[in-house]
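K.L.:
sequence first, then the predicted structure:
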Amino acid sequence: MSKLDNLPNLYIGFDLSTQQLKLTVIEDTYQIVFEETVHFDKELPHYGTLNGVISNGETVACPTLLWVESLDILLQKLKTKKFPFHKVRIISGAGQQHGSIYWSHNAPFLLSSLDHSKPLVDQLKNAFSVQQSPTWQDSSTSEQCRELEKLIGGAEVLANLTGSKAYERFTGNQIAKLCKANPNAFSQTSRISLVSSFLATLFLGHYAPIDISDGSGMNLLNIHTKQWEDKLLNICSCGAEGKLKEKLDEPEIDGLKILGNVHEYFVKKYGFSEDCKIIPFTGDNPATLISFNIKPGNIVISLGTSDTVLLYTSKPCPTSESHTLCHPIIPASYFSMLCYKNGSLTREHIRDIYTKDVTWERFNNGLNSSKPIKSQIGFYFLFQEIVPFAKGIYKFDSNKLVKEFVDENYNVRAVIESQFLSMKLRIDKLLKDDDEKKEKIQRIIVVGGASKNDQIVKILADVFGAQVWRNQGENSASMGAAIKARTAFLKRECKSIINSNYNEENFSLVAEPDFENTKIYDSMIENYQELEKLVIQLSSTEKYI
Ligand SMILES: Nc1ncnc2c1ncn2[C@@H]1O[C@H](COP(=O)(O)OP(=O)(O)O)[C@@H](O)[C@H]1O
Ligand SMILES: O=C(CO)[C@@H](O)[C@H](O)COP(=O)(O)O
């Protein structure tokens, strides 16, 4: 840690994501000086998670105490490495979106009286009224979604109000399911947090608010007034609108607001300064957005457990497939997002079947030694997909549904191409609908676990016919959260707040497009769209393989 000795100020960003808790530390000039992670399956095996979750059909959750325990493990790793906790000025964080935590009526007392001589997990055993937190991979609330859309006047009305039509993973629908299935647990709940505000709560020792950006992923927030919408609260709480409003408390509009000082537990146990401040935590995608100054013509693609696409928008432009979210730090701004459930876990599945190699080496050899074939298209919806709403694996050779490609190794290429074609199709639609941004995509910034893979990124460049760039650091969400913390510090000192020192030197070009391949992909896209329609139909009749 000697390299940190001469630095006066440090800023921490966390990311409580699907498979790991991650931390990024930056200094005043936004350079990353330290990174650390805790991998849930590997380091907390006693919770029995697979890829960070426990699945039961379409219900997908994570034991809340796993997340609590992971925080002490992470900070203990830093302590062992003699991390200078006393230099941390502000802590912020990010969390996988939509997941919900249900605090019991005991929680306020337990949180405020945390004792640094005992682990957090032992002290917070009775702090939750629901033991397993629903996560973003859950798709068990279709009934609640249909009901919500019906009662509010249709999917379009809901999308115009909240930025999204009803989605199974969105927190309002998860709360509606809880209210119906377990009204007792709902009445034993004093506060409902998102994953982001839950982590901020642990640091504060009292409840942290839900920020409006992560709050935009709940189907409960009016993205125009930035307040909870009473009609939606009413529908999602079986009529107990007032009670739900109390359990959510006011959404936080100011993403840079100082919420308070870090709790004594962290001061005494790890050596944080008593003066270290906590600001609102946000969703992992909004935090990723902060880690870039996205301009029109640039998009961010995250290839993590989920795959997401982030697009800058000056005004809300909800569609039936994308989400519009409030910006995490610029009050009047919004951004658009697409989210795919079949991201890295589906790529791993195809890798395991066809290459039997966990290192990605044979997978990459397969990509290197093949070329795009216009007539061969696959759809890989191992999990219930979000866009399009479909499930199953389908392969087409010259538009004919086949059990397998002539060369089964083609699956390795097809799973990558198919995802990027789907993104391109949808981004083109989004850009066409936005008068201000009719220009072509010039640059793609790629983040997330699979963005380390140069061969995958090369195909991304080819499909879009655009350069692909990467940022410094291992994780863009915790980096974005750390930048948010630094920005809040500058704001306190009345300095310019928009990433003033954060410049493009931090980016590196990782792939240039081969325009011959781009032509082939362009010629496939119409057919891809038609075949996707067929897949949606087949999937609805459950005739998938
Ligand atoms: N070299 C690689 N090629 C392809 N995928 C990779 C590679 N390295 C890591 N990954 C994928 O990254 C995923 C984790 O991504 P990450 O962004 O860290 O996830 P999360 O933030 O959701 O926990 C893993 O599931 C793994 O499949
Ligand atoms: O559901 C969404 C966004 O709507 C996901 O993007 C989650 O936010 C999980 O993120 P990762 O763990 O895959 O980064």
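P.N.:
Noted; the coordinates are in hand. Residues are numbered from 1 along each chain as shown. Ligands and ions are numbered 1, 2, ... in the order given.
K.L.:
from here on, just use CA atoms for contacts and neighbour counts.
P.N.:
Will do.
K.L.:
element containing K269, please.
P.N.:
Here K269 sits within helix 264-270, counting by DSSP states H and E.
K.L.:
who are the packing partners of that helix?
P.N.:
helix 64-80 (3 or more Cα pairs under 8 Å, 6 or more residues apart in numbering; DSSP states H and E).
K.L.:
need the next SSE after the helix it packs on, C-terminal direction.
P.N.:
Heading C-terminal from helix 64-80 (DSSP H and E), you reach strand 88-95.
K.L.:
relative to that following strand, what are the paired strands and their orientations?
P.N.:
Sheet pairing here is set by DSSP bridges, and for strand 88-95 it gives strand 10-16 (parallel), strand 277-278 (parallel), strand 282-283 (parallel).
K.L.:
closest one to ligand 1 among the ones you listed?
P.N.:
strand 10-16 (7.7 Å; Cα to the nearest ligand atom).
K.L.:
so can I have a markdown table of the strands paired with strand 88-95 showing distance to ligand 2 and mean neighbour count?
P.N.:
Conversion of the strands paired with strand 88-95 to a markdown table gives the following (distance: least, Cα to the nearest ligand atom, whole Å; neighbours: other Cα atoms under 10 Å):
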| stretch | distance to ligand 2 | mean neighbour count |
| --- | --- | --- |
| strand 10-16 | 8 | 29 |
| strand 277-278 | 21 | 24 |
| strand 282-283 | 6 | 34 |
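K.L.:
how about the longest helix belonging to the chain: buried residues?
P.N.:
Using DSSP state H, we find that the single longest helix of the chain is helix 515-540. Using 16 or more other Cα atoms under 10 Å as the test for burial, helix 515-540 gives 517-518, 521-522, 524-525, 527-528, 531-532, 535-536, 538-539.
K.L.:
pLDDT on it, on average?
P.N.:
Helix 515-540 shows a mean pLDDT of 96.
K.L.:
repeat for stretch 474-490
P.N.:
95.
K.L.:
kindly report the same for stretch 129-136.
P.N.:
98.
K.L.:
need the distance between the two termini of that stretch.
P.N.:
Terminal residues of stretch 129-136 lie 19 Å apart, using Cα to Cα, to the nearest Å.
K.L.:
what about that stretch, near ligand 2?
P.N.:
Yes: on the criterion Cα under 6 Å from any ligand atom, stretch 129-136 is in touch with ligand 2 at W136.
K.L.:
what does that stretch contact?
P.N.:
59-65, 96-104, 169-170, 174, 185-186, 188-189 (Cα atoms under 8 Å, 6 or more residues apart in numbering).
K.L.:
what sits against the closest residue to S476 other than its chain neighbours?
P.N.:
In space, and not counting its chain neighbours, S476 is closest to T288: 5.2 Å by Cα to Cα, 6 or more residues apart in numbering. Neighbouring residues of T288 by Cα under 8 Å, 6+ apart: 476-481.
K.L.:
PyMOL command to pick out the buried ones of these?
P.N.:
The PyMOL selection below is limited to those of the contacts of T288 classed as buried (16+ other Cα under 10 Å):
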select buried, resi 476+477+478+479+480+481
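K.L.:
list the buried residues of stretch 42-54.
P.N.:
For stretch 42-54, by 16+ other Cα under 10 Å, it's 44, 47-49, 51-54.
K.L.:
let's test this: mean pLDDT of that stretch, rounded?
P.N.:
98.
K.L.:
circling back: how distant is the helix holding K269 from the center of its chain?
P.N.:
29 Å (Cα atoms, centre = their mean, to the nearest Å).
K.L.:
cool, stretch 361-375 as well?
P.N.:
That offset, for stretch 361-375, works out to 29 Å (Cα atoms, centre = their mean).
K.L.:
need the contact partners of it.
P.N.:
351, 355, 357, 396-399, 409-410, 412-413, 455-456, 517, 520-521, 523-524.
K.L.:
on that earlier part again, can you lay out the strands paired with strand 88-95 as a markdown table showing mean pLDDT and distance to D249?
P.N.:
Putting these into a markdown table (pLDDT from 0 to 100; distance: least, Cα to Cα, whole Å) gives the following:
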| stretch | mean pLDDT | distance to D249 |
| --- | --- | --- |
| strand 10-16 | 98 | 22 |
| strand 277-278 | 98 | 18 |
| strand 282-283 | 98 | 16 |
